[in-house]
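A.B. asks: Structure of the sequence below:
(2 chains)
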2 protein chains.
Amino acid sequence: MAEDNVTPEGTTGAAGAVPSFLAQAAGQQQLPGTPSRPAPAALGNPRQDIAALDNLERHLFAHRYAEIGLSCYGPSIDPEAATPDRGEAMAILEEEDKALLCSEETGNLLERLSTMDDLLTDTQIAQVKILKRDRSQLVDVPAEMTSEFTRLTTESDAVWRKAKADNDWKSFEPYLDRIVSQMTKIANFRNPHADPYDVWLDDFEHGTDRAFYNNFFNQVKDTVVPLLAKIQQKGWQPDHSVVEGRFDVARQWELAHDLMDLEGLDRKTMFLTSTEHPYSDALTTNYAIIAAHVFEDDVTSNVFTMLHEGGHALYELGVDPSFNYTSLKGGTSSGMHEAQSRFFENYVGRSRAFAPHLLGAMANHFRGQLGRVTANQFYQAINRVEGSLVRVDADELTYPLHILIRYEIEQMLFSGQCKAADVPQIWNEKYESYLGVKVPDDAHGALQDTHWADGLFGYFPTYALGGAFGAQLRHQMIAEGMDWDATLASGDLSPIREWLRSRIWHYGRSLDAPELMEKACGEPFSPSYYTEYLTQKFSALYNL
Amino acid sequence: MAEDNVTPEGTTGAAGAVPSFLAQAAGQQQLPGTPSRPAPAALGNPRQDIAALDNLERHLFAHRYAEIGLSCYGPSIDPEAATPDRGEAMAILEEEDKALLCSEETGNLLERLSTMDDLLTDTQIAQVKILKRDRSQLVDVPAEMTSEFTRLTTESDAVWRKAKADNDWKSFEPYLDRIVSQMTKIANFRNPHADPYDVWLDDFEHGTDRAFYNNFFNQVKDTVVPLLAKIQQKGWQPDHSVVEGRFDVARQWELAHDLMDLEGLDRKTMFLTSTEHPYSDALTTNYAIIAAHVFEDDVTSNVFTMLHEGGHALYELGVDPSFNYTSLKGGTSSGMHEAQSRFFENYVGRSRAFAPHLLGAMANHFRGQLGRVTANQFYQAINRVEGSLVRVDADELTYPLHILIRYEIEQMLFSGQCKAADVPQIWNEKYESYLGVKVPDDAHGALQDTHWADGLFGYFPTYALGGAFGAQLRHQMIAEGMDWDATLASGDLSPIREWLRSRIWHYGRSLDAPELMEKACGEPFSPSYYTEYLTQKFSALYNL
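C.D. replies: Residues are numbered from 1 along each chain as shown, chains lettered A, B, ... in the order given. As a prediction, this is how the structure comes out:
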């Protein structure tokens, strides 16, 4: 399954959430030479306050544009020697926009604006809501704590890389315990009344907590674990060899461009480049970047990476263009972003009805290898279910189990039920229990992902949630009369894009994911559409 | 001759020199939500002032990094749809760093620091000097005037593009008059006692004025015009057809990479990309970008563009790495930058001694077409002298005459001796008089360059001056005992790079061009080394 690092605007994870410059914002003495601290606004002058809001947004826009640009170009283009300087420049820019957002004057401005709903447009009301929320994620954490945490995760990322290469959990262990401990402390500063892990879950997906995810994952587990067991008992597997072989890399890049066309991305708004770890982001609604990778021995990886990243890009490009210069630009949450990427990767890309179009695009470049593969063979090959070791290689059905395991371990670490030293054993037991596989070593087990080393606790669950959001959106399209199979079979995805654009993408960050789901579907989010979809699809495919 | 747009740091041309945000810097009331205005510093506390200097430089570094990055990636990578948003983001970032530099507090800080030489390191003394100068270019111009000028040049650039395509001088005429008029007014605000054109000459090349350039160009003209006349009388021309043909574009890009190696650029610090109009810049001393172009029917254009842009990149990468986070980063002036690019393009690249290495690199990729060309044939072909119409296609000898014509017309416009309506006739007369060519239309005449439409009056002369700086540097290397021909013939340019690095590149902006020349050569700049070089080289080549 394709993997990426798209982060919704404003939730840049633990490291980003607690900037190291709050000495200023918290009212400590400010060095001359620091661009911050707007002069106090006149009290209660609405016209001036609205002008100040626009002005604040202009500066945040410019910083966001630079930060997204540099972070997008960086990993795909910059020589390695540039990394430390880029990191320093980015840190200073973040320092500036975070100091700006956290200043007392900005706080007062936002408080005053939030009492003026009758004088503000709907867009301005949403801007104030989002700015207040972004500010609240930053403002209460002491600067020393933030910089200490940034140093810790920078170091632990390097330690993790080496630990994974050397299959050496022990060296990473103390870092993991310290990260959990520091994230607990930071969460306590943010909200002393809340459970620390809940604070981080809410950061990535506003409105979620352990109760929400427990309910969600219980339903997923109750569906997927028995379904997988049945498939494994059955013993039959589709033939995967029909999509195997060696596929010329240059032609695969041409295919990648064709896939953007097929998905409905406008090449005039896109920059497609190559990188080790795929990602996508957008500088504005006029310009998205996809950084993908191509492996000579795995053409389907190219196909599903492109569809996945393309879904992220469609979301970003589909936001109301008038939000470009405001904090409402971009996707509303990590889960809703994954909903779009997995929609095009799985509900479109791994469907039987769309299979002829994907296969056709591929066969255009690889006639000799794929010209005689049938759509049915292709559909089966790309949906083969296996208990596997590595999350990013997982199939559509078992993917949420990989996430569930991480979610359960994150909870145990934060609640003190286990320590880093216990993680590999717990990990291996869960993989055997849920997925039926034996983990041979930690490099293919608890060391496989970078998220924990980077302090991104609370991020994993949004991957699975996104899949479930998408299933409900798909269900709603059909309930409203869309002929799903016929639409996919036509190869013209514009009705699907238009539906998602008008219900989801358009709103940017102005509505939260639960509001979007309810508005789009006429009912709150429910995991049942996801579990029903998985049951139907894989029961049919495996003839259970 | 290769052409590019490298601008030394801090002299971003007329448009950049007068930012539109000075309302704030000039003390007008500031909107809340604006990141500017540091709090007043305690008076006369040196430790605090030095900390404030570091802090100011950190923020300027981050903005410079973002601005150079976005402006470098932009034209070569971004889809066209991204241009307006990028322009807006860049304008806001510039607004921020310029407001920061122009604030009264920064002014007071720099004044205090400039009385503390005994407490500062040499680097800090240079930082204060450069920051004060950068600030002085911005601080006295009213904000309205700046924004009006920015709007004017944005519009005139678009009008000029169309005028050039349509060969329609008349449509461009009113813009040219207005640009000269506004640049005169801006210069008067900057320095009411100075001649306006002198103000702009000094911006691009600190320490220069009309008296300086008149003396310089008189010597150049007295050498080149009669030399060209003799060549034209002689009637003989080298055979250029030996380097003509069609050269596969993909293999030319491989050649471009090889040329970076040959010049001594470290690929690990470089990003080479393609663009319409070549340029080079560096984000830091660890990372330079070259944007070049490749024409199937002109392989020598590729070779000399790469050597030229590579010279710029070597300069930027050769600056003292400790200057990265200060305003001393980058080249000291436009002329000194051109000195480096033209050094590698002409003194190295168009020499007889280095010809086998260039030809060898080319023949590696185009054995069939170039395998039997001799080094002598190649040397003669790339040094054919012709009175030509278009500056960017000019040979090494006649290039400064193209510049001289522009310099003379710029002076006439600023002194009121002529108006825009008179320019084409004057242009055509001078081309006939100096270069012996008849200008068939304005598209190949007074409309060929973008500089005037962009308000870059005073920039052209630095192109010729750079050639002359380089000739004196080369002379000095030889005077100190370098065996010039043997060094080039060896193909190992490291002695030349090391000489330039230690005498020029290393100093970044800490020393001005005249100081650098005197320090490097033991005597002030003199144009005679340039005229002697040209006389010797082309007398020999044409057997005069």
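
A.B. asks: On the strand side of things, show who whichever residue of the stretch 151-300 of chain A sits closest to chain B bridges to.
C.D. replies: Each residue of the stretch 151-300 of chain A has a distance to chain B, by C-beta to the nearest C-beta, and the smallest belongs to A:Tyr287, at 3.7 Å. The C-beta positions use only the backbone N, C-alpha and C, and glycine is treated the same way. Beta-bridge partners of A:Tyr287, counted by DSSP bridges, are A:Thr284.

A.B. asks: got the contact list for it?
C.D. replies: Remark: with contacts taken as C-beta atoms under 8 Å, 6 or more residues apart in numbering or on different chains, A:Tyr287 is in contact with A:269-271, B:78-79, B:81-82, B:85.

A.B. asks: Have a look at the residues you listed and tell me the least confident one.
C.D. replies: pLDDT across the contacts of A:Tyr287 is at its lowest for B:Ala81, which sits at 83.

A.B. asks: From A:Asn324, how far off is that one?
C.D. replies: As for B:Ala81, its distance to A:Asn324 is 12 Å (criterion: C-beta to C-beta, to the nearest Å).

A.B. asks: Ok, A:Glu96 next?
C.D. replies: In this view, A:Glu96 and A:Asn324 are 20 Å apart by C-beta to C-beta.

A.B. asks: Nearest to chain B within the stretch 401-544 of chain A, name that residue for me.
C.D. replies: With C-beta to the nearest C-beta as the measure, the residue in the stretch 401-544 of chain A that lies nearest chain B is A:Gly508; the distance is 15.1 Å.

A.B. asks: and that residue, how many neighbours does it have?
C.D. replies: In terms of burial, A:Gly508 registers 28 neighbours under the definition other C-beta atoms under 10 Å in any protein chain shown.

A.B. asks: That one and A:Ser333 touch, don't they?
C.D. replies: No: between A:Gly508 and A:Ser333 there is no contact, the gap being 11.3 Å when judged by C-beta atoms under 8 Å.

A.B. asks: rewinding a little: between B:Ala81 and A:Asn324, who's got more neighbours?
C.D. replies: In terms of neighbours (other C-beta under 10 Å), A:Asn324 is the more surrounded of B:Ala81 and A:Asn324; the figures are 23 against 16.

A.B. asks: Do I have it right that the more buried one meets A:Leu283?
C.D. replies: No: at 9.2 Å, A:Asn324 and A:Leu283 do not qualify as touching, with contact defined as C-beta under 8 Å.

A.B. asks: Common neighbours of the two, please.
C.D. replies: For the pair A:Asn324 and A:Leu283, residues contacting each of them under the criterion C-beta under 8 Å, 6+ apart are B:Asp85.

A.B. asks: mind giving me the domain ranges of chain A?
C.D. replies: By the record's domain assignment, chain A is partitioned as A:20-140, A:210-541 (automatic domain parsing).

A.B. asks: Flag whichever of these has the least confidence on average.
C.D. replies: Mean pLDDT across the domains of chain A is lowest at domain A:20-140; the value there is a mean of 82.

A.B. asks: and the stretch 101-250 of chain A, which residues reach chain B?
C.D. replies: Counting by C-beta under 8 Å from any C-beta of the partner chain, the residues of the stretch 101-250 of chain A lying close to chain B are A:105-106, A:109.

A.B. asks: List just the nearest of the residues you listed to A:Ala91.
C.D. replies: The shortest separation between A:Ala91 and any of these is 20.2 Å, and it belongs to A:Thr106 (by C-beta to C-beta).

A.B. asks: shared neighbours, B:Ala81 and A:Asn324?
C.D. replies: A:Asn286.

A.B. asks: Show me which residues of stretch A:253-260 are buried.
C.D. replies: Using 16 or more other C-beta atoms under 10 Å in any protein chain shown as the burial criterion, the residues of stretch A:253-260 that qualify are A:253, A:255-256, A:258-260.

A.B. asks: cool, stretch A:488-508 as well?
C.D. replies: Within stretch A:488-508, the residues that qualify as buried are A:488-489, A:493, A:496-497, A:499-501, A:503-508, counting by 16+ other C-beta under 10 Å.

A.B. asks: a markdown table for these, including distance to B:Glu518 and secondary structure?
C.D. replies: Formatted as a markdown table, the buried residues of stretch A:488-508 follow (distance: C-beta to C-beta, whole Å; DSSP: H, G, I helix; E, B strand; the rest coil):
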| residue | distance to B:Glu518 | secondary structure |
| --- | --- | --- |
| A:Leu488 | 74 | helix |
| A:Ala489 | 78 | helix |
| A:Leu493 | 68 | coil |
| A:Ile496 | 70 | helix |
| A:Arg497 | 66 | helix |
| A:Trp499 | 71 | helix |
| A:Leu500 | 67 | helix |
| A:Arg501 | 65 | helix |
| A:Arg503 | 70 | helix |
| A:Ile504 | 66 | coil |
| A:Trp505 | 62 | helix |
| A:His506 | 64 | helix |
| A:Tyr507 | 64 | helix |
| A:Gly508 | 59 | coil |
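
A.B. asks: Which two among those residues are spaced furthest apart?
C.D. replies: When these are compared pair by pair using C-beta to C-beta, the two farthest from each other are A:Ala489 and A:Gly508, 31.8 Å apart.

A.B. asks: Could you tell me the end-to-end distance of stretch A:482-502?
C.D. replies: This stretch, stretch A:482-502, spans 15 Å end to end (C-alpha to C-alpha, to the nearest Å).
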